[in-house]
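**Student:** Quick one, fold the following:
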Amino acid sequence: MSFTVADVLLDVRELIQDTKAPYRYSDDFVIRKINRTLSRMVVLRPDLFTTVANITCVSGGLQSAPADSVRLMDVMSNASGSAVKEVSQDVQDMMIPAWEALTPGPAVNWMRYPRDPNRFYVSPSAVPGAVLSISYAKAPAVLISSDTVVLQDAYMPTVIDGTVWLMESIDAESVESGRAKMFQDSFKDQLTAGLSARRLTDSGAAALPKDEVIQ
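**Tutor:** Below you'll find the model as predicted:
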């Protein structure tokens, strides 16, 4: 299942009471706010926009995610299919102080670059042209009415609430009445709830009866 920009547009118009032509806000204007909502979502929940890709390394230890990356999520494997393990740079510096001087070869470890979420180190340093399989949060493309939103159906209400929040914020009276804030809170709460659910669904104890879950 999937939903389109047009589906979101229809619900947003109903909520902002702008369903009769001539519309107060044009379709293009509302769709621009839908795109802005998706841009906010990828910052707050990059995991919802994760994609997997192969990248070609440059020479050296410092590498970069693709240009459309918002945040690197994981470096999974090298060209031979061997797993690449994430380690702390502090630990790497302590255990192998001269790791950057190691003979270049297939990546064994990778480390986050603290000042840029889209750059990372590999150890040993990469040979030019080496391939790595990575996952990263991909910036959403600018969508038009007929496009499909690349999210699970469960997040359609989140996109709607986020868009209504932006639309209602245009009107000062709506802001003062708390209507804009109501949709803003709903938008943020739905994204937060998705993170909270991971404690139940993304753990080894997730399938255990409640009274058997190890605390």
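**Student:** N54 looks like it's in a strand, true?
**Tutor:** Yes: under DSSP: H, G, I helix; E, B strand; the rest coil, N54 falls within a strand.
**Student:** is it true that it touches L132?
**Tutor:** Yes: using CB atoms under 8 Å, N54 makes contact with L132 at a distance of 7.0 Å. In short, each C-beta sits where N, CA and C put it, glycine included.
**Student:** List the residues that contact V159.
**Tutor:** V8, I34, T37, L38, M41, V149, L151 (CB atoms under 8 Å, 6 or more residues apart in numbering).
**Student:** ok, the residues you listed vs K181, which is closest?
**Tutor:** T37 (15.7 Å; CB to CB).
**Student:** Counting neighbours, what do you get for the closest one?
**Tutor:** For T37, the count of nearby residues is 23 (other CB atoms under 10 Å).
**Student:** try the one 3 residues further on
**Tutor:** Burial of R40 is recorded as 16 neighbouring residues (other CB under 10 Å).
**Student:** ok now do it, which residues does it touch?
**Tutor:** With contact taken as CB under 8 Å, 6+ apart, R40 is in contact with G162.
**Student:** And the pLDDT for it?
**Tutor:** Reading off the confidence values, R40 has pLDDT 96.
**Student:** do the same with D202
**Tutor:** D202 carries a pLDDT value of 59.
**Student:** In the sheet, which residues pair with S77? Tell me.
**Tutor:** A83, S133 (DSSP bridges).
**Student:** Contacts only, for it.
**Tutor:** Applying CB under 8 Å, 6+ apart, we find S77 in contact with A83, V84, L132, S133.
**Student:** mind checking how far it is from I170?
**Tutor:** Using CB to CB, to the nearest Å, one gets 47 Å for the distance from S77 to I170.
**Student:** quick one: the closest residue to P140 other than its chain neighbours from L166, how far?
**Tutor:** Nearest residue to P140, sequence neighbours excluded (CB to CB, 6 or more residues apart in numbering): L38, at 4.4 Å. Distance, L38 to L166, using CB to CB: 11 Å.
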